[in-house]
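**Student:** Pasting a predicted model and its sequence here:
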Amino acid sequence: MGRVWWTVLQRDLLLAFRRRSDVAASLGFFLMVSSLFPLGVGPERETLRTVAPGILWVAALLATLLSLGRLFALDHADGTLEQMLLSPEPLSVIVLGKVTAHWLSAGLPLVLLAPVLALQFDLPWDAIGVLAASLLLGTPVLSLLGAIGAALTLGLRGGGVLVALLVLPLYIPVLIFGAGAVSAQASGQGASAHLHLLAGVLAASLALAPWAAAMALRLSAD
């Protein structure tokens, strides 16, 4: 199973590298949303520090949502997905490989870019560290849960809108815990409780989401 996961991961990363414009579009969206809010809110330091966790997390969530459409769509269009469904290898492992590649190409760049963008909100350094940690724990959950929605809406007209309707309710706890961790750290309360909750959600998603997405793919194929 490890070999299957690694093969799928390499293949999808290569495809993502060849379609760098899609990755750049998600990053550009995250950059623009995070940079425009300080201009609209104003230069007050305390106001910027207060709204920064929510703004950065919402921007990361929407940027991830923007990239979910390419998770299974290309494989569905060229017939590769049918071969995956017929493969004797566990479909959940194949899904996990694709989700890992999606996070490395769409989620990890957000984690690396967020601390730089946080500087324009004048967040303290310890809060910036918690922001990076919360995104590192939370963005894989966004990819895992998003895979379920992407699989359920595969091949449907207006699938992008349906994905948003399906996965946004599932994203709310991740958003609350992630933004709450940064806010708690910035106010001096400590972020460990929120980060532990995020880690628990990540563990549960790793256990359940690949299996659920695999079942959704089989339903969509039928």
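**Tutor:** Looks like it came in fine. Numbers count the residues shown, from 1 in each chain.
**Student:** Next secondary structure after the lowest-mean-pLDDT helix or strand in the chain?
**Tutor:** Lowest on mean pLDDT, DSSP states H and E among the helices and strands of the chain sits helix 73-78, with a mean of 78. Going down the chain from helix 73-78, the next helix or strand is helix 80-86, by DSSP states H and E.
**Student:** What residues sit buried inside that next one?
**Tutor:** Neighbour-count burial for helix 80-86 flags 81, 84 (criterion: 16 or more other CB atoms under 10 Å). All C-beta atoms are positioned from the backbone trio N, CA, C, and that covers glycine.
**Student:** name the helices or strands packed onto that helix?
**Tutor:** helix 73-78, helix 91-102, helix 192-221 (3 or more CB pairs under 8 Å, 6 or more residues apart in numbering; DSSP states H and E).
**Student:** Can you point out the buried residues in stretch 101-115?
**Tutor:** Buried residues in stretch 101-115, counted by 16+ other CB under 10 Å: 101-107, 109-111, 113-115.
**Student:** Tell me which residues are up against it.
**Tutor:** Stretch 101-115 is contacted from outside by 8-9, 11-13, 16, 23, 26-27, 30-31, 34, 56, 60, 63-64, 67-68, 71, 128-129, 131-132, 135-136, 139-140, 142-143, 146-147, using CB atoms under 8 Å, 6 or more residues apart in numbering.
**Student:** same question for that stretch, mean pLDDT?
**Tutor:** Computed over stretch 101-115, the mean pLDDT rounds to 92.
**Student:** how long is that stretch end to end?
**Tutor:** Its start and end residues considered, stretch 101-115 measures 22 Å (CA to CA, to the nearest Å).
**Student:** which ones are touching A16?
**Tutor:** Per CB under 8 Å, 6+ apart, neighbours of A16: 22-23, 101, 105.
**Student:** Out of the residues you listed, which sit inside helices?
**Tutor:** Assigned to helices by DSSP state H, the following of the contacts of A16 qualify: 22-23, 101.
**Student:** and the residue of the chain positioned farthest from its centre, how far is that from R218?
**Tutor:** Most distant residue from the mean C-alpha position of the chain: E44, 30.3 Å away (CA atoms, centre = their mean). Here E44 is placed at a distance of 53 Å from R218 (CB to CB, to the nearest Å).
**Student:** Ok, L168 next?
**Tutor:** In this view, L168 and R218 are 24 Å apart by CB to CB.
**Student:** Between the two, which is the more surrounded one?
**Tutor:** Between L168 and R218, counted using other CB atoms under 10 Å, the more crowded position is L168 (15 against 12).
**Student:** Now do the contacts for that one.
**Tutor:** With CB under 8 Å, 6+ apart, L168 has these contacts: L65.
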